[in-house]
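Visitor: model the following, please.
(chains A and B)
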Amino acid sequence: MYLMADILINVILAFLTGSLLLGFHRKVMARIQLRPGPPIIQYLLHSLKFFFKETSFPKTASMPFYIGIVVILAGIWVTGIIVGPVTKGSLMIIFGIYAIHKIVEHNSGSSSGSPYGKLSCVRAVFSAAGELPLFAGIAIIYFVCGSMNISDIIAYQSIHGALIFKAPFAALMFFTLILTKSPYSPFAITKGKDIVSGFETEHYGFLRGYIMFSESIAWYVLLWLFLTIFFGPIGILGYVVGMIIITAITAFINATTPMLNPNHSVMLQFTITLVCLIGSIVLLVL
Amino acid sequence: MEIFYLIYVLAFIVGSIGGLLLSYKKHMEPFIISEIDVLYLVLSIIGWILFINHSLFAGLIPVFVPITIGLLLIGLVIGARPGYGRKESIIGILIAGIIYLLKFLLF
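Guide: Just a heads-up that it's a prediction; the model follows:
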């Protein structure tokens, strides 16, 4: 009973906080580009607005998939909340959630029948390279802590200090993943503006609302994971300040960096992973 | 504990939406008036003092009350139409910060 209440509270909290952070992300990007930018709550208002807008369905859409896929997207990130902040479970499940997220991007694009969606669907396969830093990072964390459970990693850090000092390259790899997931990211090839909005292009009304709901939760979960895994038990103030700082850093990078083309994006992610993996192994051996 | 965090976030969001509606009602002109708004300034100072110095009220009222009211008022000012509420927020943070430091140094 309490677990259900805990999950519900955490999901609502993640949605609201994630939305505010994404609104802040947009605001910082706008200020860097010398625009006033929308209010911080704009992302949240947009998300809520889409739930009440008329929903139209393309004739070319493969209906069960077209609708079901956004529900799956919301479902996997709610699972992310359950595995992360609620139960502090295994990082391997988080890796699985991220892998399913890629499949959702792929299927969401292909099920709409739109050429933009289909291009995004192909790019989603490429962008699975974004999982390489996550997997390599998790492997390094396992070698350092001897466990993949978030609760064990927190316990390890409360004794041995923050992991960011012991495994800085793993933190860099995880940060690359966060950067990949951020809006207007140089690595966001599935939502590149050359293909309008990628896999989201043909999703309107409440379907887009579900996608935005999931994206806010995903942003919150990734930031929570990064802060928990690399900074340990930091308290509510640490989480708030940390989330705001990371959002501002990603906004700065995204505002000043063009979107890479798919080949460059994949190769850069691969190079970062390789360099950081070798660096991490050297640090572990030393 | 998360229920209190949810209340804080909701208070900030309600404040922000209220601030946005209030500022658009107050300022419909197509340009920004850069003068300091006294109402926003008062709300900002009270809000930031309640938020940062909530420990001053410990023992009198539950600690989540001043934080919630503070965030609501902070949201009202920060959530104003783009271009408004910035200077007022900075003055509010400075005054609340000075009070926090004074409290820290004196007690």
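
Visitor: ok, the residue located most distally from the centre of chain B to chain A distance?
Guide: Ranked by distance from the centre of chain B (CA atoms, centre = their mean), the top residue is B:P30, with 25.7 Å. According to CB to the nearest CB, to the nearest Å, B:P30 and chain A sit 13 Å apart. For every residue, glycine as well, the C-beta is placed using N, CA and C.

Visitor: now the residue nearest the centre of chain B. Nearest residue, chain neighbours left out?
Guide: The residue lying closest to the centre of chain B (CA atoms, centre = their mean) is B:I74, at 1.9 Å. In space, and not counting its chain neighbours, B:I74 is closest to B:G47: 4.2 Å by CB to CB, 6 or more residues apart in numbering or on different chains.

Visitor: before we move on, what about A:L3?
Guide: Per CB to CB, 6+ apart, closest to A:L3 is A:V86, 7.4 Å.

Visitor: count the neighbours of whichever residue of chain B sits closest to chain A for me.
Guide: Residue nearest to chain A within chain B: B:P82 (4.0 Å; CB to the nearest CB). By the measure other CB atoms under 10 Å in any protein chain shown, the count of residues near B:P82 is 18.

Visitor: sec struct for it, please.
Guide: coil (DSSP: H, G, I helix; E, B strand; the rest coil).

Visitor: pretty sure it contacts A:P38?
Guide: Yes. Using CB atoms under 8 Å, B:P82 is in contact with A:P38, at 6.8 Å.

Visitor: residue contacts, the residue nearest to B:G97 when sequence neighbours are not counted?
Guide: Nearest non-adjacent residue to B:G97, counting by CB to CB, 6+ apart: B:I52, 6.7 Å away. B:I52 is in contact with B:70, B:93, B:96-97, B:99-100, counting by CB atoms under 8 Å, 6 or more residues apart in numbering or on different chains.

Visitor: wait, B:F51 touches B:P66, no?
Guide: Yes. Using CB under 8 Å, B:F51 is in contact with B:P66, at 7.4 Å.

Visitor: near chain A, which residues of chain B are found?
Guide: Residues of chain B lying near chain A by CB under 8 Å from any CB of the partner chain: B:2-3, B:5-6, B:9-10, B:12-13, B:16-17, B:20, B:78-83.

Visitor: ChimeraX command to pick out the buried ones of these?
Guide: Buried residues among those (16 or more other CB atoms under 10 Å in any protein chain shown), as a ChimeraX selection:
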select /B:2,5,6,9,10,12,13,16,17,20,78,79,80,81,82
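
Visitor: out of the residues of chain B next to chain A, which are inside helices?
Guide: B:2-3, B:5-6, B:9-10, B:12-13, B:16-17, B:20, B:78 (DSSP state H).

Visitor: could the residues you listed go into a markdown table alongside pLDDT?
Guide: As requested, these are exported to a markdown table (pLDDT from 0 to 100):
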| residue | pLDDT |
| --- | --- |
| B:E2 | 81 |
| B:I3 | 86 |
| B:Y5 | 90 |
| B:L6 | 90 |
| B:V9 | 92 |
| B:L10 | 93 |
| B:F12 | 93 |
| B:I13 | 93 |
| B:S16 | 92 |
| B:I17 | 92 |
| B:L20 | 90 |
| B:I78 | 90 |
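
Visitor: now, among those, which is nearest to A:V144?
Guide: Ranked by distance to A:V144 (CB to CB), these are led by B:E2 at 28.9 Å.

Visitor: could you say which helix or strand contains the residue nearest to the closest one when sequence neighbours are not counted?
Guide: Leaving out its chain neighbours, the residue that sits closest to B:E2 by CB to CB, 6+ apart is A:I9, at 4.8 Å. Per DSSP states H and E, A:I9 falls inside helix A:2-32.

Visitor: and that helix, what other elements does it pack with?
Guide: If contacts are counted by 3 or more CB pairs under 8 Å, 6 or more residues apart in numbering or on different chains; DSSP states H and E, helix A:2-32 sits against helix A:42-52, helix A:63-81, helix A:205-231, helix A:235-256, helix B:2-26.

Visitor: how about it: buried residues?
Guide: Residues of helix A:2-32 classed as buried by neighbour count (16+ other CB under 10 Å): A:6-7, A:9-30.

Visitor: start to end distance for stretch A:253-260?
Guide: 13 Å (CA to CA, to the nearest Å).

Visitor: and the next helix or strand past the helix or strand where the residue nearest to the centre of chain B lies?
Guide: Per DSSP H and E, B:I74 falls inside helix B:64-78. Toward the C-terminus, helix B:64-78 is succeeded by helix B:86-106 as the next helix or strand (DSSP H and E).

Visitor: which stretches of the stretch 51-200 of chain A have low pLDDT?
Guide: Where the stretch 51-200 of chain A drops to pLDDT under 70, the residues are A:129-130.

Visitor: so who does B:H54 touch?
Guide: B:63, B:66-67, B:70.

Visitor: spatially nearest residue to A:G18, not counting backbone neighbours?
Guide: Per CB to CB, 6+ apart, closest to A:G18 is A:S216, 3.2 Å.

Visitor: same deal with A:I246?
Guide: A:L223 (5.6 Å).

Visitor: these two touch, right, the one you found and A:G242?
Guide: Yes. Between A:L223 and A:G242 there is a contact at 7.2 Å, judged by CB under 8 Å.

Visitor: higher neighbour count, those two?
Guide: Just comparing A:L223 and A:G242: by other CB under 10 Å the higher neighbour count belongs to A:L223, 24 against 18.
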